[in-house]
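Engineer: the following comprises the amino acid sequence and a computationally predicted model.
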Amino acid sequence: MRIPFDPPPGLISNDTVYAMGGGWADGENLRFVEGRAQTIGGWQRALDDPLTGKCRNAITWTNNAGLSTIAFGTHDRLQVWSGGELADITPSDLLEGSEHSSGGAPGYGSGWYGMGPYSTPPSTHLLRTWSLDTWGETLVAAPRAGTVYQWSNDPAVEATAIANAPDTIRCMLVTPERQILAFGCNEEVSNDFNPLCIRGCDIEDLTDWTTSSANNAFEHILEGGGQIVTARMVGSYVAVWTDNNLHQGQFLGYPEQTYRFDRIDKECGILGPNAVAVHKGVAYWVGRDRQVWAWTPGMRPEVVSCPIWKDFSDNLHAAQSEKLIAVSNSRFSEIWFFYPDLRDGNENSRYIAISLAPGLPPTWFRGPLARTAACDAGVLSNPIQVGPDGTVYYHELGTSADGQDLTWRIRSAAQYLDEAERVLQVQRITPDFKDQSQPLSLTVHLRARPQDAVRTKGPFALGVGAAKKDIRFSAAIAEFEFAGTGHVRFGKPTFDAVLTGRR
């Protein structure tokens, strides 16, 4: 008989290997495209020299001269790549920030409330992250617990503070109306820091932050308690996450009320300042409950089912969880979450990712990859990602890991080879792979019954373009593990087998 091998797309590891219905149970560095597993894209070094410091954010844009530019915010520098050169534009008054978290996501007992007076958050104890955005061709950048700086595309000139902007903010963004919004900042009159205060400059005026009946500068204090962690534009709305709630800001444009802010839901707060990515009008983030959430304006936030969530949740480094970053990969309609894993140290070392391709069910995959900052391709041809050592890479480029082998593996759940749970002798495999660039291996893990000890056969080498491979093993239950380097796309391999009897 001929047995087709065609597991459904996506990794499933929350249940036992016998409860997964013959799916893929584990894997590394393979995504699912149009229902089939294939190797993730490779990466190559983008810049000759590494960045200075641990990079926590990056942004790309094109200036008025048509020059593509990348800005990088590290724990102690603000740097830009422009015209083929890397320049340091760090403001002269900016002190070095913290490279690591002080002990977990901010809240009572750590971060803002547990260190220093309520109105004076101690920036020296906070993980230094950056908010990066553009005002036309001008870069606007805000280090966490610092003020807002601007830079006008001259590599020989450092970024300078924007006059009258709040001295201390959690994060900022630029709206489509060309208005800078500062979140978690000093109140206008008292100048006291308020973790729920939102302020905006006047439309089209970076330096006017004074509220008046003649402009659109404003101040708003969110209700619901806690503290603002981050904010993003989601379509035409401003989404604001506190440590517990999600708020929505709607632009009204009246001098007496520029924005209206409403709490959308509670108990869906965000884990860290860069733990959210927006893709096609939907925000995806990791909450303080370690669940993956999604929100579309006009709807309630919902937990996204994640069949590989348990391994991620069990091993997320709680003390460094603010380092988790989310980034979209528009080319494949994916969201990637890079996170610090307890098994590896205190920096982001692994990822889980979800494919959201239209017309297909969401599928999850994962792998080991150390990246502290990343941004989608934007104006560039390829996404940008940065390693812990400051090396900047172009991703989805080639089939190697910066000249080294890009390794991958994928293993199926345990499955009965025959519907009647009979023992079969498998005699050969007929491979079905597309664009296979290197030989790959097949290892088979066998059992007669679910609680029996595992027997292993292989690895069997499957050469590039091989028409068939003679193999021989007998079992009722099998797990199939493929591994290799370079690029490959799975089709539907088949196994030739004969019946040998019942268990």
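Structural biologist: It's in.
Engineer: quick one, what contacts Leu417?
Structural biologist: Taking CB atoms under 8 Å, 6 or more residues apart in numbering, we find Leu417 in contact with 3, 424, 426, 475-478, 495, 497. Where you see a C-beta, it was placed from the backbone N, CA and C, and this is true even at glycine.
Engineer: can you tell me which of those end up in helices?
Structural biologist: Judged by DSSP state H, helices contain none of the contacts of Leu417.
Engineer: and these, which is closest to Met233?
Structural biologist: Ala478 (49.3 Å; CB to CB).
Engineer: wait, isn't that closest one in contact with Ala448?
Structural biologist: No: with contact defined as CB atoms under 8 Å, Ala478 and Ala448 do not form a contacting pair (10.6 Å).
Engineer: what about those two, which has more around it?
Structural biologist: Per other CB atoms under 10 Å, whichever of Ala478 and Ala448 has more neighbours is Ala478, with 22 against 15.
Engineer: pLDDT weak spots in the stretch 401-503 of the chain?
Structural biologist: Scanning the stretch 401-503 of the chain with the threshold set as pLDDT under 70 gives 420, 501-503.
Engineer: one more pass at 90, please.
Structural biologist: For the stretch 401-503 of the chain, the stretches with pLDDT under 90 are 414-424, 447-453, 474-476, 499-503.
Engineer: just the helices in it please.
Structural biologist: Here the stretch 401-503 of the chain has no helices by DSSP state H, counting those that start in this stretch.
Engineer: so in the protein, which helix runs the longest?
Structural biologist: helix 309-315.
Engineer: show me the contacts for Val292.
Structural biologist: 284-286, 303-304, 306, 309, 337, 354.
Engineer: in JSON lines, list the residues you listed along with pLDDT and secondary structure.
Structural biologist: Formatted as JSON lines, the contacts of Val292 follow (pLDDT from 0 to 100; DSSP: H, G, I helix; E, B strand; the rest coil):
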{"residue": "Tyr284", "pLDDT": "98", "secondary structure": "strand"}
{"residue": "Trp285", "pLDDT": "98", "secondary structure": "strand"}
{"residue": "Val286", "pLDDT": "98", "secondary structure": "strand"}
{"residue": "Val303", "pLDDT": "98", "secondary structure": "strand"}
{"residue": "Val304", "pLDDT": "98", "secondary structure": "coil"}
{"residue": "Cys306", "pLDDT": "97", "secondary structure": "coil"}
{"residue": "Trp309", "pLDDT": "96", "secondary structure": "helix"}
{"residue": "Phe337", "pLDDT": "98", "secondary structure": "strand"}
{"residue": "Ile354", "pLDDT": "98", "secondary structure": "strand"}
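Engineer: ok, and the most crowded of those?
Structural biologist: Neighbour counts for the contacts of Val292, by other CB under 10 Å, peak at Trp285, which reaches 31 neighbours.
Engineer: hey, what's it bridged with?
Structural biologist: Beta-bridge partners of Trp285, counted by DSSP bridges, are Val276, Trp293.
Engineer: surely it touches Ala326?
Structural biologist: Yes: Trp285 is within contact range of Ala326, at 6.3 Å (criterion: CB under 8 Å).
Engineer: identify the contacts common to these two.
Structural biologist: 275-277.
Engineer: so which of those residues wins on neighbours?
Structural biologist: When neighbours are counted by other CB under 10 Å, Val276 leads these with 28 neighbours.
Engineer: for Asp265, see how far away Phe183 is.
Structural biologist: Using CB to CB, to the nearest Å, Phe183 is found at 18 Å from Asp265.
Engineer: which one of the two is surrounded by more residues?
Structural biologist: Set Phe183 next to Asp265 and count neighbours by other CB under 10 Å: Phe183 wins out with 31 against 17.
Engineer: for the more buried one, give me the pLDDT.
Structural biologist: pLDDT recorded at Phe183 is 98.
Engineer: are we agreed that it is in a strand?
Structural biologist: Yes: using DSSP: H, G, I helix; E, B strand; the rest coil, the assignment for Phe183 is a strand.
Engineer: residue boundaries of the strands in the stretch 151-300 of the chain?
Structural biologist: For the stretch 151-300 of the chain, the strands defined by DSSP state E, counting those that start in this stretch cover 160-161, 169-174, 180-186, 193-200, 218-221, 228-234, 237-242, 245-254, 257-266, 276-279, 282-286, 292-295.
Engineer: ignore what I typed, I meant the stretch 301-450 of the chain.
Structural biologist: Counting by DSSP E, counting those that start in this stretch, the strands of the stretch 301-450 of the chain are 302-303, 325-329, 334-340, 348-355, 363-368, 373-375, 384-386, 392-395, 407-412, 415-416, 422-430, 433-434, 440-447.
Engineer: just the residues contacting the first one, thanks.
Structural biologist: With CB under 8 Å, 6+ apart as the contact definition, strand 302-303 has outside contacts at 291-295.
Engineer: how near is the closest residue to Phe218 other than its chain neighbours to Ile169?
Structural biologist: Nearest residue to Phe218 in three dimensions, chain neighbours excluded: Thr258, at 4.4 Å (CB to CB, 6 or more residues apart in numbering). Applying CB to CB, the value for Thr258 to Ile169 is 18 Å.
Engineer: try Ile308
Structural biologist: Ile308 sits at a distance of 35 Å from Ile169 (criterion: CB to CB).
Engineer: so between the two, which is more surrounded?
Structural biologist: Comparing Ile308 with Ile169 by other CB under 10 Å, the one with more neighbours is Ile169, at 28 against 21.
Engineer: just checking, the more buried one touches Val148?
Structural biologist: Yes: applying CB under 8 Å, one finds Ile169 in contact with Val148, separated by 7.0 Å.
Engineer: show me what contacts the residue lying closest to Arg288 once chain neighbours are set aside?
Structural biologist: Nearest non-adjacent residue to Arg288, counting by CB to CB, 6+ apart: Gly269, 5.1 Å away. By CB under 8 Å, 6+ apart, the contact set of Gly269 is 226, 229, 241-246, 287-288.
Engineer: next one: Thr62
Structural biologist: By CB under 8 Å, 6+ apart, the residues touching Thr62 are 68-69, 137, 379.
Engineer: quick one, which of these are buried?
Structural biologist: Thr69 (16 or more other CB atoms under 10 Å).
Engineer: what's the spacing between Thr60 and Val327?
Structural biologist: Going from Thr60 to Val327 by CB to CB gives 12 Å.
Engineer: could you do Ala163 as well?
Structural biologist: Going from Ala163 to Val327 by CB to CB gives 33 Å.
Engineer: Gly235 and Ser333, how far apart?
Structural biologist: For Gly235, the distance to Ser333 (CB to CB) stands at 17 Å.
Engineer: sorry, back to before: the contacts of Gly269, buried ones only, as a ChimeraX selection?
Structural biologist: The ChimeraX selection below is limited to those of the contacts of Gly269 classed as buried (16+ other CB under 10 Å):
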select :226,229,241,242,243,244,245,246,287,288
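Engineer: biggest separation within the contacts of Gly269, which pair?
Structural biologist: For those, the maximum inter-member distance is 13.1 Å, found between Gly226 and Gly287 (CB to CB).
Engineer: surely the residue nearest to Phe218 touches Val238?
Structural biologist: No: with contact defined as CB under 8 Å, Thr258 does not count as touching Val238 (11.0 Å).
Engineer: overlap in contacts of these two?
Structural biologist: Common neighbours of Thr258 and Val238 (CB under 8 Å, 6+ apart) are Phe251.
Engineer: where in this structure is pLDDT low?
Structural biologist: In the chain (pLDDT under 90), the answer is 1-4, 13-22, 83, 102-126, 414-424, 447-453, 474-476, 499-503.
Engineer: now Pro493: how far from Leu271?
Structural biologist: Distance, Pro493 to Leu271, by CB to CB: 40 Å.
Engineer: please apply the same query to Ile354.
Structural biologist: In this view, Ile354 and Leu271 are 16 Å apart by CB to CB.
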